[in-house]
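# I'd like to go over a predicted model; first the sequence, then the structure.
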Amino acid sequence: MTSARDVSRISIRQLGLALTAFFIATYALCIALGLVVPEWEMHKPWLQFFPGFEWLTLQGVLIGLVESVIYAWYVAVLFGWLFNSFAADRPSS
C-alpha cells in the first residue's frame, strides 16, 4: 500500500522521458512547418535557442535535436527535484 507522501512525488525519469518525447515532437513539427512554408522563416528563432543549429543541414538539425533532449532533461531534473522537495515539505493528512 502506498502512502500519501509516495503518491505526491513525481518520477524524474518518467518526467524526463515524457518531456523528451514532447520536445522532440515539437522540434520535428517546427522543422516540418519550416519546410512547408519557408517564407515564414521559422528557423530564425531556433538560432538563438540552439547554438550550432543550421537550417537545412543534417548536422544543424541533429544539433538542434540533441539540444532539445538536453533541454528536456534539464527541465525534468530541475522541476522534478523542486516538485519533490516541496511535496516532501507538505504535511501529510
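Perfect, thanks for sending it. The shown structure was predicted, so the numbers you read here are calculated from the model rather than taken from an experiment.
# which helix or strand contains the spatially most central residue of the chain?
Centroid-nearest residue in the chain: Ala72, 2.7 Å away (criterion: Cα atoms, centre = their mean). If you go by DSSP states H and E, Ala72 is part of helix 58-89.
# any weak-confidence spans in the chain?
1-7, 90-93 (pLDDT under 70).
# circling back: how far away is the residue nearest to the centre of the chain from Leu82?
Distance check for Ala72 against Leu82: by Cβ to Cβ, to the nearest Å, it reads 16 Å. Where you see a C-beta, it was placed from the backbone N, CA and C, and this is true even at glycine.
# could you do Ile10 as well?
When Cβ to Cβ is the yardstick, Ile10 and Leu82 sit 10 Å from each other.
# quick one: which of the two has more around it?
Here Ile10 and Leu82 are compared on neighbour count by other Cβ atoms under 10 Å; more neighbours surround Ile10, at 15 against 11.
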